[in-house]
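Q: based on what follows, work out the 3D shape:
(chains A, B, C and D)
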There are 2 protein chains.
Amino acid sequence: MNIVEISKVLANQTRVNILKWLKEPEANFPPHQEIDHFDDGVCVGFIQDKTGLSQSTISTYLNSMQNAKLVIPTRHGKWTYYRRNEEVIKAYLKTLEQEL
Amino acid sequence: MNIVEISKVLANQTRVNILKWLKEPEANFPPHQEIDHFDDGVCVGFIQDKTGLSQSTISTYLNSMQNAKLVIPTRHGKWTYYRRNEEVIKAYLKTLEQEL
DNA sequence: TTTATATATCTAAAAATTTAGATATATAAA
DNA sequence: TTTATATATCTAAATTTTTAGATATATAAA
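A: As a prediction, the model looks like this:
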């Protein structure tokens, strides 16, 4: 858990939005077709649609968020679903409280 | 209180260090000559010495931290002292906890 | 097995950040 | 009132981030 690396992720409104949206996938995204739950998160395409940015940009964003361990990817067929990594998010907040 | 603006400040190890050092000026900086307390924080020169970066860089950093309202400057003679703005730091942590 | 679709990676241009030297300004000291 | 010192601002070069088009890869569908 790296404070500066995670802060870099949060230093961009779109990436903050993605993390927020993933808190309540049902409220923020349409239902998936192949899978009837959001247990593994939301597929890249839905996230891309919601941001309005290009596919490659969102893929890059999600990759940086994954590197910082803020999200966890799961592959289902040809889709990749991303969900929040609550443990790391909690650890980040706790560390900020203690050290900052 | 702007999450992205503050996260940008925290996206740099030196700036995070400065905030940490300012939590305990007595432990992290030599005593000031003209003023026998750290109530208004620490002068720019001491902060610069500790980081090893140039005077203009540290001034730029402190300016960005001041714009984000993370620190408060106070002028004493020819020195500018910077201290933490605990209210904004707390508000940032609270907002992150709620929204993130 | 060819085709379509979802996502990742490569590449590169534009924008932002980092960093420091030079200069300006404000104040204190001589 | 000239000089020295502390900090801020200006300028510019180097680096990093942002962003998207092009291409590659993985899987499903036909």
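Q: quick one, what contacts residue A:28?
A: Counting by CB atoms under 8 Å, 6 or more residues apart in numbering or on different chains, residue A:28 touches A:21, A:22, A:50. The way it works is simple: take the backbone N, C-alpha and C, and place the C-beta from them, glycine included.
Q: of all those, which comes closest to residue A:40?
A: Nearest to residue A:40 among the contacts of residue A:28: residue A:22, at 11.0 Å, using CB to CB.
Q: okay if I get the contacts of residue A:28 as CSV plus secondary structure and neighbour count?
A: What follows is the contacts of residue A:28, written out as CSV (DSSP: H, G, I helix; E, B strand; the rest coil; neighbours: other CB atoms under 10 Å in any protein chain shown):
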residue, secondary structure, neighbour count
A:21, helix, 18
A:22, coil, 21
A:50, helix, 17
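Q: for those residues, which one is nearest residue B:68?
A: residue A:21 (24.8 Å).
Q: mind checking pLDDT for the closest one?
A: What the model reports as pLDDT for residue A:21 is 98.
Q: so it makes contact with residue A:47?
A: Yes. Between residue A:21 and residue A:47 there is a contact at 7.4 Å, judged by CB atoms under 8 Å.
Q: which neighbours do these two have in common?
A: residue A:29.
Q: what strand or helix carries residue A:88?
A: Element membership for residue A:88 (DSSP states H and E) is helix A:86-99.
Q: whoops, residue A:73 was the one
A: Going by DSSP H and E, residue A:73 is part of strand A:71-76.
Q: residue A:7 too?
A: Going by DSSP H and E, residue A:7 is in helix A:3-10.
Q: tilt between that helix and strand A:71-76?
A: 60 degrees (axes from the mean of the first three to the mean of the last three CA atoms, to 10 degrees).
Q: does any bit of helix A:3-10 sit next to DNA strand C?
A: No. Using CB under 7 Å from any atom of the strand, helix A:3-10 never reaches DNA strand C; the gap is at least 8.7 Å.
Q: for that helix, which positions count as buried?
A: Residues A:3, A:6, A:7, A:8, A:9, A:10 are the ones in helix A:3-10 that count as buried (16 or more other CB atoms under 10 Å in any protein chain shown).
Q: by contact count, what packs against that helix?
A: helix A:13-21, helix A:55-67, helix A:86-99, helix B:3-10, helix B:13-21 (3 or more CB pairs under 8 Å, 6 or more residues apart in numbering or on different chains; DSSP states H and E).
Q: ok so, going back, now do the following helix or strand past the strand holding residue A:73, average pLDDT.
A: With elements assigned by DSSP H and E, the helix or strand that comes after strand A:71-76 is strand A:79-84. Computed over strand A:79-84, the mean pLDDT rounds to 98.
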